[in-house]
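**Student:** Quick one, what's the 3D model for this:
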Amino acid sequence: MRDNGRVPLYRDEGIVLRTQKLGEADRIVTVLTRRNGRIRAAAKGVRRTTSRFGARLEPFTHVDLQFYERRSLDLITQAETLRPYGEPLVSDYPRYTAGTAMLETAEKLTTEEKEPALRQFLLLLGGLRTLVDRSHDPRLVLDAFLLRSLSVAGWAPALDECARCGARGRLRAFSIAAGGAMCAACRPPGSATPAPATLELMVALLRGDWEHADASEARHRAECSGLVAAYLQWHLEHGIRSLRHVERAPHGPVTTEKDITEEPA
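**Tutor:** As a prediction, this is how the structure comes out:
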């Protein structure tokens, strides 16, 4: 029961993650908002050419919204664009596909509707801004976003100490199932053996050390991307479909645990 006099309207800013057709002219819009987390809401008539705000509810758009709260899907009644990140991304395939993977990951990591997820919202907003300003390679931006999102979700991989014994230095392996980097004594059979520079790159991306990340070699970026993608998908237990479209580095980053180069146990 609603309290008498309560107006079922609320406002929030958010980033449009995805849209789905609903009926002949409507859409379901999935938005990651600053205060209310992930919201799925109906937008009436936005597929009509005469719609007042259909173009404001496209993926990548940072938008200010007014919602009407309902028993089923809430209804979007107003939409004002704050920044249309999609416009500068759609003409740049590597950045567009990296951004698409970021949107899908943000949706997968916010599993509960209307559960506040401020840190995830700020990560996504910062990631899109960085993609658009073209200050770093898009795959580095994506991997930094994925590592930090995993950290926010409580799944940060161990990178500068052994995931099993906590020892620092001489880390020679990476085990997705065990939680990250491992020393020679703890290394399980079949684990990957990344170059030390690859683990250093992952640490730099997680900490925001862009000077180090920008100076990294292509082969270490490729290896990093493979480890990050496999680690992410292991924890989500579902594939990130858009990752298959992300432009590959020259040496071809792997995207599943099976594809990671392994050293004999």
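
**Student:** got a list of contacts for stretch 204-215?
**Tutor:** The contact list for stretch 204-215 (C-beta atoms under 8 Å, 6 or more residues apart in numbering) reads 135-137, 140, 143-144, 147-148, 151, 156, 159, 200-201, 203, 216, 224. The C-beta positions use only the backbone N, C-alpha and C, and glycine is treated the same way.

**Student:** Then stretch 139-154?
**Tutor:** Residues contacting stretch 139-154 (C-beta under 8 Å, 6+ apart): 94, 98, 101-102, 105-106, 109, 119-120, 123-124, 127, 130-131, 156-157, 202, 205-206, 208, 213-214, 216, 221, 224-225, 228-229, 231-232, 235, 246-247, 249, 253.

**Student:** From those residues, which land in helices?
**Tutor:** Using DSSP state H, the subset of the contacts of stretch 139-154 located in helices is 94, 98, 101-102, 105-106, 109, 119-120, 123-124, 127, 130-131, 202, 205-206, 213-214, 221, 224-225, 228-229, 231-232, 235.

**Student:** rewinding a little: in PyMOL, how would I select just the buried ones from the contacts of stretch 139-154?
**Tutor:** The buried residues among those can be selected in PyMOL (16 or more other C-beta atoms under 10 Å) with this line:
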select buried, resi 94+98+101+102+105+106+109+120+123+124+127+130+131+156+157+202+205+206+213+216+221+224+225+228+229+231+232+235+246+249+253
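
**Student:** Can you tell me, leaving aside adjacent residues, what's nearest to Ala43?
**Tutor:** Leaving aside its sequence neighbours, Ala43 sits nearest to Ile76 (C-beta to C-beta, 6 or more residues apart in numbering; 4.6 Å).

**Student:** For the host helix or strand of the one you found, the averaged confidence score.
**Tutor:** If you go by DSSP states H and E, Ile76 is part of strand 74-84. Confidence for strand 74-84, expressed as mean pLDDT, is 95.

**Student:** Off-centre distance for the helix or strand following that strand?
**Tutor:** Tracing the chain past strand 74-84, the next element assigned as helix or strand by DSSP H and E is helix 86-89. Taking the mean of its C-alpha atoms, helix 86-89 sits 17 Å from the chain's own mean (C-alpha atoms, centre = their mean, to the nearest Å).

**Student:** Can you give me the end-to-end span of stretch 192-211?
**Tutor:** 26 Å (C-alpha to C-alpha, to the nearest Å).

**Student:** taking the mean pLDDT, what do you get for that stretch?
**Tutor:** Stretch 192-211 shows an average pLDDT of 96 in the prediction.

**Student:** May I see the buried residues of that stretch?
**Tutor:** Buried residues in stretch 192-211, defined by neighbour count with 16+ other C-beta under 10 Å: 192, 194, 197-206, 210.

**Student:** Mind pulling up the pLDDT for Arg6?
**Tutor:** Looking at Arg6, its pLDDT stands at 62.

**Student:** And Thr255, by the same measure?
**Tutor:** Predicted confidence (pLDDT) for Thr255: 33.

**Student:** And Gly169, how far from Phe121?
**Tutor:** Using C-beta to C-beta, to the nearest Å, one obtains 36 Å as the distance from Gly169 to Phe121.

**Student:** Compare the two (neighbour count), which wins?
**Tutor:** Applying other C-beta atoms under 10 Å to Gly169 and Phe121 shows that Phe121 carries more neighbours, namely 24 against 8.
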